[in-house]
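J.: Generate a structure from the sequence data that follows.
(one chain, ligands or ions: 2)
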Amino acid sequence: MMRVAIQGATGYTAYELIRILLRHPEVEITAVTSRSDRRRLDAVHPALAGRIDLELEDLTATEIAERADLCFCCLPHVASMESVPALLTAGLEVVDLSADYRLTDPGVYERWYGHVHTDPTRLGTTVYGLPELFADQIPGQKLIANPGCYTSTSILALAPLICGGYIEPAGIIIDAKSGVSGAGRSAKQNILYAECNESISAYAVGSHRHTPEIEQVLTTASGKDVDVLFTPHLTPMDRGILATIYATPTKPVTQEVLLGAMREFYDGKPFVRVVEGLPRTKDVAHTNYCDVTVRVVEDRVIVLATLDNLIKGAAGVAVQNMNLMRGIDETTALIV
Ligand SMILES: NC(=O)C1=CN([C@@H]2O[C@H](COP(=O)(O)OP(=O)(O)OC[C@H]3O[C@@H](n4cnc5c(N)ncnc54)[C@H](OP(=O)(O)O)[C@@H]3O)[C@@H](O)[C@H]2O)C=CC1
Ligand SMILES: CC(=O)N[C@@H](CCC(=O)OP(=O)(O)O)C(=O)O
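T.: Ligands and ions are numbered 1, 2, ... in the order given. The predicted model follows:
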């Protein structure tokens, strides 16, 4: 059995991770951490009652390494880069769910996150854990940068068409909508019920930090200089992301050709479903699937994709990454 610890276990992604890991046949959860909460885990996440017998602790990296082989780091960015180096030094394998190791350039990180990166030598060498693009680089890695939720949705939608040369890599417009759990569990005014219920609004227009992540990963995957305009929206749902993406075809093309290109690209990739109908968040909720499709409308290509921000956008892909790191079938514990 692989012994697994979870840092930031009081949060949303940690809760989803625990639910998935409890059905993983090769994993035992041995430690769950919180900075200040000392309750039983099932007091913080009542749905876990009767399923796990652990208390929250504030553990050093060395203490975690005495109990676990691998640690999922479910902390906010900045907190994560303060923790990950010590976890690695203590000998743990790490899947980091934050954004701290996703970008390759410390200057880009500083510009978009407003913080100097304190572990810059790991940027550019850490594998970006989007298995549909980089599965061959994940086995045996000690640290994986788990992708962002909007980012995964957008990249999985666009990669087949950009890599295949069907759409222009520049001037792509991504209109994306997220459920409120995407903002995490800590209190913030914009996610109070009375602020966001029965309302939909854009935020971080022109400045959302997933913009450079989407551009970087698609540029790496395609070898083309990808440039996107990305606008996120907060929607009154618990969970789910829908991205509607507008692009210009490189030459006249039909929907059938594009659907065929997507199917070929995702052949053998168990968690991306190229669908005929229009994707709905409801159809992927609580699953590790990302549903994608495409339409040709007049002289534009419209790509649509959806996933569950907490599962394929965070905890599900984190387990997919752990499976691949360890040579376990990537679908283990993830088909529900
Ligand atoms: N929510 C989502 O849909 C997605 C989230 N992510 C990323 O995953 C990570 C976890 O997200 P999520 O679970 O939603 O976040 P939450 O806010 O729900 O939980 C994060 C946990 O980290 C701990 N924490 C908070 N601040 C600090 C700090 N400064 N130092 C140390 N620990 C801290 C808290 O636990 P305590 O106070 O008990 O110590 C908190 O419960 C984030 O980096 C997020 O950006 C990625 C993709 C999707
Ligand atoms: C609705 C909502 O607030 N969503 C979050 C999603 C970010 C996220 O979780 O991704 P990272 O891991 O890159 O931080 C946001 O826009 O900041």
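J.: where are the low-confidence patches of this structure?
T.: For the chain, applying pLDDT under 70 flags no range at all.
J.: mind listing the helices for it?
T.: Secondary structure of the chain, counting by DSSP state H: helices at 12-21, 41-44, 61-67, 79-89, 106-113, 131-134, 149-163, 193-196, 210-222, 255-265, 281-284, 316-325.
J.: doesn't P252 make contact with R300?
T.: No: R300 is not in contact with P252 according to C-beta atoms under 8 Å; the separation is 11.8 Å. From N, CA and C alone the C-beta is placed, and that goes for glycine too.
J.: When those two are compared, which one has more neighbours?
T.: Higher neighbour count among R300 and P252: R300, with 13 against 8, using other C-beta atoms under 10 Å.
J.: got the helices of the chain as TSV, with distance to ligand 1 and mean neighbour count columns?
T.: As requested, the helices of the chain are exported to TSV (distance: least, C-beta to the nearest ligand atom, whole Å; neighbours: other C-beta atoms under 10 Å):
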stretch	distance to ligand 1	mean neighbour count
helix 12-21	3	24
helix 41-44	8	18
helix 61-67	13	18
helix 79-89	3	19
helix 106-113	11	16
helix 131-134	15	20
helix 149-163	4	27
helix 193-196	15	12
helix 210-222	10	21
helix 255-265	23	17
helix 281-284	13	18
helix 316-325	9	26
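J.: can stretch 100-108 be found next to ligand 2?
T.: No: figure legend: stretch 100-108 not in contact with ligand 2 (C-beta under 6 Å from any ligand atom); closest approach 7.3 Å.
J.: how far does stretch 204-211 sit from the chain's center?
T.: Here stretch 204-211 is found 16 Å from its chain centre; the criterion is C-alpha atoms, centre = their mean, to the nearest Å.
J.: Now do stretch 246-257: distance to the chain's middle.
T.: With C-alpha atoms, centre = their mean, you get 28 Å for stretch 246-257.
J.: got the contact list for it?
T.: With C-beta atoms under 8 Å, 6 or more residues apart in numbering as the test, stretch 246-257 has contacts from 158, 161, 165-168, 171-173, 175, 294-296, 299-303.
J.: The same query, at a cut-off of 7 Å, please.
T.: Outside stretch 246-257, the residues that touch it by C-beta atoms under 7 Å, 6 or more residues apart in numbering are 161, 165-168, 171-173, 294-296, 300-303.
J.: for stretch 172-186, same thing?
T.: 11-12, 149-150, 153-154, 158, 191, 196, 228-235, 237-247, 309-310.
J.: Buried only: go through those residues for me.
T.: 11-12, 149-150, 153-154, 158, 191, 196, 228, 230-235, 237, 239-247, 309-310 (16 or more other C-beta atoms under 10 Å).
J.: So which of those residues sit within strands?
T.: Filtering the buried ones among the contacts of stretch 172-186 for membership in strands, criterion DSSP state E, returns 228, 230-234, 241-247.
J.: Tabulate the residues you listed (CSV), appending distance to ligand 1.
T.: Formatted as CSV, these follow (distance: C-beta to the nearest ligand atom, whole Å):
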residue, distance to ligand 1
V228, 18
F230, 15
T231, 18
P232, 12
H233, 14
L234, 12
I241, 8
L242, 14
A243, 14
T244, 19
I245, 19
Y246, 24
A247, 24
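J.: quick check, nearest of those to L17?
T.: Closest approach to L17 among these (C-beta to C-beta): I241, at 18.2 Å.
J.: got a list of what the closest one touches?
T.: Applying C-beta under 7 Å, 6+ apart to I241 gives the contacts C149, Y150, T153, A176, K177, S178, T306, L307, N309, G313.
J.: C149 is in contact with the last one, correct?
T.: Yes: under the criterion of C-beta atoms under 7 Å, G313 makes contact with C149 at 3.0 Å.
J.: which ones are touching the single nearest residue of the chain relative to ligand 1?
T.: Residue nearest to ligand 1 within the chain: G11 (2.0 Å; C-beta to the nearest ligand atom). The contact partners of G11, by C-beta under 7 Å, 6+ apart, come to C74, G184, R185.
J.: Break the protein down into its domains, please.
T.: 2-147+313-325, 150-308 (automatic domain parsing).
J.: anything in the last one near ligand 2?
T.: Yes: Domain 150-308 comes into contact with ligand 2 when judged by C-beta under 6 Å from any ligand atom, the residues involved being S178, G182, A183, P232, L234.
J.: who does the last one bridge with?
T.: Meaning L234. L234 has these beta-bridge partners by DSSP bridges: S178, S201.
J.: Now distance to A333 too, for the domains of the chain, in TSV please.
T.: TSV is the format used below for those (distance: least, C-beta to C-beta, whole Å):
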stretch	distance to A333
domain 2-147+313-325	4
domain 150-308	9
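J.: on that earlier part again, identify whichever of the helices of the chain lies nearest to T33.
T.: Nearest to T33, of these and by C-beta to C-beta, is helix 61-67 at 7.3 Å.
J.: This completes my enquiry, with thanks.
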